[in-house]
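1. A structural model of the following input is requested.
(one chain, ligands or ions: 1)
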Amino acid sequence: MAGIYIHIPFCKSACHYCNFHFSTSLRYKPELLNALAKEIVLQRPYLSGESLETVYFGGGTPSLCTVEELQTLVRTIRENYTVTTDAEVTIEVNPDDITTEKLEGWKAAGVTRLSIGLQSFFEEDLRWMNRAHTAEQAKQTLELALTYFPNITIDLIYGVPGLTDEKWKVNIDTALSLGIPHLSCYALTVEPKTPLDKLIRTQQREPVDPDKQSDQFLYLMERMEQAGFEHYEISNFAKPGFRSRHNSSYWKGRPYLGIGPSAHSFNGSSRQWNVANNQQYIAALEKNEIPFEIEVLTVSQQRNEQIMIALRTMEGLDVSGWPVADQIEFEKEATPFLNSGQMMKSGTVFCLTKEGRLLADGIAAALFRL
Ligand code: SF4
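-> Next up is the predicted model:
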């Protein structure tokens with residue numbers, strides 16, 4: 001089983017913290033969508049005939065597509081791949097694009113799950129992030145969306161200067177009171193070369209406080225546990241039966257095909273990524289070429305990826321498939337984290353504890369194989 005990801009590289013405005021690939025000009029949207037459809041056809045051999053059990057429209061902002069444009073892409077996928085009858089079909093949408101007409105259209109196109117880029121229920125935080133939607137739109141459209149799609153996830157960001165602990169609690173409680181079955185919660189990260197990076201460096205924005213981020217993450221973990229959610233990946237919380245099947249496949253190391261500018265693909269032994277430039281992408285597809293770079297992963301690179309990804313999941317890292325000498329060496333290196341209570345071990349499986357999850361990337365990096 002495999003998954004397909006389609007990158008829609010357009011947004012209404014640029015959120016200050018974002019480092020994804022997108023354009024705020026919709027001028028070449030028709031050409032870009034034609035190129036996506038062409039790449040879907042050309043890439044047919046990549047998954048060696050494996051059935052698709054997940055389809056994911058991400059971005060950028062896929063909800064900027066018209067219903068007809070989305071239907072065309074879904075149809076092209078169905079005509080060229082075997083999509084399982086119970087496939088999960090997710091679309092990332094922004095609150096300001098949600099209308100009754102679009103909700104009906106997404107349903108008719110076969111979408112089964114919405115991922116809403118909500119980020120906060122507070123107006124001042126949305127303005128701070130330069131989001132295109134308002135707090136009022138966030139709540140109203142969420143309620144409307146839930147009447148069409150029971151399977152909804154929302155994104156929330158914590159550790160934002162100005163987001164007090166009290167407001168963070170309100171954000172989580174509002175989502176829970178509305179009955180959202182899945183939350184993706186991210187610590188605000190200041191990525192190099194983003195507008196936020198520049199605003200902080202020029203002292204127009206307060207810097208991020210890592211201690212406050214840790215406190216808000218600890219509160220989040222406790223609150224979601226009380227509410228009956230599984231903390232199945234470091235940033236993801238789901239009611240039983242509502243995990244993201246698409247993202248879970250990434251974390252299990254299953255193959256996936258990424259379509260569109262900047263999209264990544266993985267087939268088990270190599271990783272490839274398309275050019276992150278809309279014009280170059282369109283020009284290449286006009287010549288029936290796919291503009292990508294490829295990296296064949298060495299055994300230690302594959303092992304490091306496995307460590308990094310698996311330690312972020314609730315199921316943890318199972319080293320039973322490794323040579324015995326490597327298992328022994330890994331346990332030796334993990335011992336300081338086991339002793340400090342940041343990791344725990346059951347048989348051949350290593351997991352992060354709540355304290356360990358606060359430092360997940362650092363712990364994984366310390367355990368990387370050369
Ligand atoms: S809508 Fe999403 S992809 Fe677009 S700029 Fe904002 S965070 Fe980035």
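
2. Would you mind naming what in the stretch 51-200 of the chain lies close to the ligand?
-> By Cβ under 6 Å from any ligand atom, the residues of the stretch 51-200 of the chain that approach the ligand are 59-61, 94, 117. Every residue, glycine included, has its C-beta placed from N, CA and C.

3. again, 8 Å this time
-> Contacts of the stretch 51-200 of the chain with the ligand, taken as Cβ under 8 Å from any ligand atom, map to 59-61, 92, 94, 117, 130-132.

4. for this protein, longest strand please?
-> strand 83-93 (DSSP state E).

5. Run me through the strand neighbours of that one, direction for each.
-> strand 52-59 (parallel), strand 113-119 (parallel) (DSSP bridges).

6. Serialize these to a markdown table and add fields for mean neighbour count, mean pLDDT and distance to residue 364.
-> Converted to a markdown table, the strands paired with strand 83-93 look like this (neighbours: other Cβ atoms under 10 Å; pLDDT from 0 to 100; distance: least, Cβ to Cβ, whole Å):
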| stretch | mean neighbour count | mean pLDDT | distance to residue 364 |
| --- | --- | --- | --- |
| strand 52-59 | 24 | 97 | 24 |
| strand 113-119 | 25 | 98 | 25 |
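
7. Compare those strands and give me the one nearest residue 72.
-> Comparing the strands paired with strand 83-93 by their distance to residue 72 (Cβ to Cβ), the top pick is strand 52-59, with 12.2 Å.

8. Contacts for that closest one next, please.
-> Strand 52-59 is contacted by residues 1-11, 20, 22, 65, 70, 73-74, 77, 81-84, 86-92, 115, 245-246, 249 when judged by Cβ atoms under 8 Å, 6 or more residues apart in numbering.

9. what's the answer for stretch 202-220, then?
-> Residues contacting stretch 202-220 (Cβ under 8 Å, 6+ apart): 16, 128, 158-163, 165, 168-169, 172, 185, 187-190, 196, 199-200, 237, 354, 357-358.

10. low-confidence ranges in the chain?
-> For the chain, the stretches with pLDDT under 70 are 370.

11. Tell me how it divides into domains.
-> In terms of domains, the chain is parsed into 2-251, 299-367 (source: automatic domain parsing).

12. Can you give the distance of the longest strand of the chain from its chain's centre?
-> Distance of strand 83-93 from the chain centroid (Cα atoms, centre = their mean, to the nearest Å) equals 15 Å.

13. Quick check, the residue in the stretch 101-250 of the chain closest to the ligand?
-> Nearest to the ligand in the stretch 101-250 of the chain, going by Cβ to the nearest ligand atom, is residue 117, at a distance of 5.4 Å.

14. Alright, I will stop here.
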